[in-house]
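1. fold the following for me, if possible:
(chains A and B)
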Amino acid sequence: MSKILILGASSDIAQAICYDYAKKGKDLILTGRTTEELSSLKSDLEIKYSISVSLYSFDGLLYEQHPVFFQNCINEHEIEGVILAYGYLGDQQKGQKSFQEARKIIETNYVSAVSILELFASYFEKKKQGFICGISSVAGDRGRQSNYLYGSSKGAFSLYLQGLRNRLTPFNVSVITVKPGFVKTKMTEGIINDSFLVASPSHVSKDVLSAISRSSSILYTKKIWRYIMFIIRLIPEFIFKKLKL
Amino acid sequence: MFKKEMEELSGWGKYPKEKSTVFFPQTLSQTKEVLTHSFRHYIARGNGKSYGDAALNYHNGILVHQKWNHFLSFHEQTGILTCQSHVTLNDIIQTFVPKGYFLSVTPGIKFITLGGAIANDVHGKNHYIESSFSQTVLSFTLLVASGEIITCSKTENADIFWATFGSVGLTGIILTVTLQLKKIETSYLSVSYQQTKNLSQTLDYFEKSLENEYAVAWIDCLSKGNQLGRSILMTANHASIDDCKKNKKNLLSTSSKKQKNIPFTFPSFVLNGLSVRAYNELYYRVHSFKKKELTHYEQFFYPLDALSNWNRMYGKKGFLQYQCVLPLEHSEEGLKEILELLAHSSKLPFLAVLKRLGTQTQSPFSFPMEGYCLALDLPLKNDQIFPFLEELDQLVLTFKGRLYLAKDSRMKPDMFHESYHEKFDVFKQIKKQLDPHGLFSSSLSRRLQIDDRVYHKEGKK
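-> Next up, the predicted model:
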């Protein structure tokens, strides 16, 4: 049976996606930096939904290991689609002072994605079916002083997915860019509070599953972010550059 | 890791409310890090369904392990389940009822965690057969004050195993739990109703009903005189496939009904003398017509869970649950005096429930003992309720009974130490050995001077 590969399964959004697919009886392949952190998630999904879950350790920043990981995956499983769900918010202030932090943000969110997704892109292209779904961010839609390191890496990721979509559409492979707005997750704990703009991980997950099944191109979640970002992108740069955002 | 300062944290009864610092560790190493952090005392909190201050820690730290909610293993043939301690009874029911398993012991709220179920040694409407939650647990792992993780069962670290049941989190933090589920054929129970005229008839019928798997009585505590203690006694047994064949299609269904929410806190005048009186009268009358019916487990075990936030019914100030047990030999006499005191006061309980408990276990602070247990929900309208409950305490002491810590928020330390004195020394010895500096301590344990008497003063005998 065909399976779904979720890269970065320890994030809150990824876990919500795992449960939603499991409820549909879909088998899953999950990755984390260590498989240990995912072992209780695996047993929980298997017991609750009688599906099979395979675990792999995968570190986005260890590029040289990506081809081996990819080979193992396609040798051992029939893969229907890939969801790239990991990301690194990092610390903007720290990143401004230390290139090491800036580099970690850029490499995790963008460089590593290119390294691994290119492999799957060629694989799906050859098979003439499959999907690639990337969890990007609304932060990538316009650069702001408060988080432009994260924002630019996600912006690059979004552009990358856009190009990939253009390349793969003729081959019946859909590429979905997910742009969550505020989400209450581990990454944002203590930073954002509940409001009508804030989505729960399970809200995001429902939207992602429906976008994948409809082969949508770009998903904003919650939906209101499409309009918010539309307006934000419309603000002329000579005004925007003076705003404290 | 996420940390939150709560201005007004409370238990399920919404009284007392205390300023507290709550930590949400994701991993074991984060938990260990918190424990060596800034506070002197910590207590683990599950889903916050203890009524009083058992999971509060004024000026100290509270740990909530929301992420420890995974099943770890399940053996289909034996029904043995291992899970992390933040798994709730509801999680278990939702997954395992369709597979033909149920909890052999369940209290009336299913949104409690396994950690909480052990810490309070919860019991159900079948205590006289199945005993308390300790009987369903085969083993658990416990993080103790030294940072060590120990496995406890009836054969391994048995003294700590028993001491942990009912000792409201004071032995450490429960990490994983292995428990035995019970086979069921259907998710229905066949329930019989009997109306009784007074207390002695209630107890008489109760004693004759003990061959049933479950028994519970709702007492009309507004009745007086020769009707004092009139009740509706419900007895139930798990329905077999044959019992259900005719009228139920999905024999192992979990509840399909969506939980309804009480959207706001009722003003406290809603539950007044008149409405409670009307409700009690109506309940007694309606059920007097019923004889026998097939009931889904949801309605039988968790009637109140159909409403999330049902504690909002009792108004902003919250409510108190007074739950006591009296030994069998004093039950009738004691219940009579308690019900008389209630009937003649203006402290109307909204709900009064009577259960028959079986023999007590060896856990020092476990609540159940052989006898009758009475639970009263009392809206907290003003402070007059407290002296009244102290009067009840005196009655309970006179009849050698005790109160349930999971429900308590106001008992005086002397009451606790007098009623639980028998095995206090057992607990004291284990606590001193496991936690010599009192790392695990809560608002409840300090209110009841459990810590004081473990470490400093000698307990009153």
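
2. any chance you could map the helices in the stretch 251-400 of chain B?
-> Per DSSP state H, counting those that start in this stretch, the stretch 251-400 of chain B carries helices over the ranges B:273-289, B:297-301, B:328-343, B:385-398.

3. which residues does residue B:402 contact?
-> B:324-325, B:367, B:369, B:396, B:419-420 (CB atoms under 8 Å, 6 or more residues apart in numbering or on different chains). All C-beta atoms are positioned from the backbone trio N, CA, C, and that covers glycine.

4. hang on, the earlier thing: from the helices of the stretch 251-400 of chain B, which stretch is densest packed?
-> Highest mean neighbour count of the helices of the stretch 251-400 of chain B: helix B:297-301, a mean of 20 (counted as mean count of other CB atoms under 10 Å in any protein chain shown).

5. mean pLDDT lowest for which of the helices of the stretch 251-400 of chain B?
-> With a mean of 68, helix B:273-289 has the lowest mean pLDDT of the helices of the stretch 251-400 of chain B.

6. distance of the most centrally placed residue in chain A from chain B?
-> Ranked by distance to the mean C-alpha position of chain A (CA atoms, centre = their mean), the top residue is residue A:135 at 2.4 Å. Distance of residue A:135 to chain B, computed by CB to the nearest CB, to the nearest Å: 20 Å.

7. from memory that residue sits against residue A:180, does it?
-> Yes - counting by CB atoms under 8 Å, residue A:135 does reach residue A:180; the two are 6.9 Å apart.

8. by neighbours, which of the contacts of residue B:402 wins?
-> Highest neighbour count within the contacts of residue B:402, by other CB atoms under 10 Å in any protein chain shown: residue B:325, with 29 neighbours.

9. so what's the residue lying closest to residue B:170 once chain neighbours are set aside up against?
-> Nearest residue to residue B:170, sequence neighbours excluded (CB to CB, 6 or more residues apart in numbering or on different chains): residue B:440, at 5.2 Å. Contact partners of residue B:440, counting by CB under 8 Å, 6+ apart, are B:41-44, B:145, B:169-173.

10. what about the strands in chain A?
-> Assigned by DSSP state E, chain A shows strands spanning A:3-7, A:27-32, A:53-57, A:79-84, A:130-135, A:173-180, A:182-183, A:198-199, A:218-221.

11. residue ranges with poor pLDDT in chain A?
-> By pLDDT under 70, the weakly predicted segments of chain A are A:186-194.

12. for it, which helix extends over the most residues?
-> helix A:148-168 (DSSP state H).

13. which strands and helices sit next to it?
-> helix A:92-97, helix A:99-106, helix A:112-127, strand A:130-135, strand A:173-180 (3 or more CB pairs under 8 Å, 6 or more residues apart in numbering or on different chains; DSSP states H and E).

14. residues touching residue A:226, list them.
-> Going by CB under 8 Å, 6+ apart, residue A:226 touches residue A:220.

15. from chain B, how far out is it?
-> Applying CB to the nearest CB, the value for residue A:226 to chain B is 29 Å.

16. who touches both of residue A:135 and residue A:180?
-> Each of residue A:13 lies in contact with both residue A:135 and residue A:180 under the rule CB under 8 Å, 6+ apart.

17. thinking again about what came up before, hey, what's the residue nearest to the centre of chain A bridged with?
-> Note on residue A:135: beta-bridge partners by DSSP bridges are residue A:178.

18. tell me, how many residues neighbour residue A:71?
-> As a measure of burial, residue A:71 has 11 neighbours, counting by other CB under 10 Å.

19. dump the residue contacts of the closest residue to residue A:117 other than its chain neighbours.
-> Spatial nearest neighbour of residue A:117, chain neighbours left out: residue A:132 (6.0 Å); criterion: CB to CB, 6+ apart. Going by CB under 8 Å, 6+ apart, residue A:132 touches A:81-82, A:84, A:117, A:120-121, A:124, A:161, A:164, A:168, A:173-176.

20. how near is residue A:132 to residue A:170?
-> Here residue A:132 is placed at a distance of 15 Å from residue A:170 (CB to CB, to the nearest Å).

21. just residue A:179 next, same as before
-> Using CB to CB, residue A:179 is found at 24 Å from residue A:170.

22. how far off centre is stretch A:3-17?
-> Averaging C-alpha positions (CA atoms, centre = their mean, to the nearest Å) puts stretch A:3-17 9 Å from its chain's average.

23. flag every residue of chain B that's near chain A.
-> By CB under 8 Å from any CB of the partner chain, the residues of chain B that approach chain A are B:2-4, B:24, B:26-27, B:69-74, B:84, B:95.

24. so which of those residues wins on neighbours?
-> Neighbour counts for the residues of chain B next to chain A (other CB under 10 Å) peak at residue B:84, which has 23 neighbours.

25. if you skip the residues just before and after it, what's nearest to it?
-> Nearest one to residue B:84, counting by CB to CB, 6+ apart, is residue B:68 at 3.8 Å.

26. contacts only, for that neighbour.
-> By CB under 8 Å, 6+ apart, the contact list for residue B:68 reads B:84-87, B:175.

27. now, which of the residues you listed sits nearest residue B:315?
-> Nearest to residue B:315 out of the contacts of residue B:68 is residue B:86 (CB to CB; 30.0 Å).

28. correct me, but that closest one touches residue B:48?
-> No - taking contacts as CB under 8 Å, residue B:86 lies outside contact range of residue B:48: 11.8 Å.

29. neighbour count: these two, which is higher?
-> Higher neighbour count among residue B:86 and residue B:48: residue B:86, with 23 against 19, using other CB under 10 Å.

30. right, I'll call it a day here.
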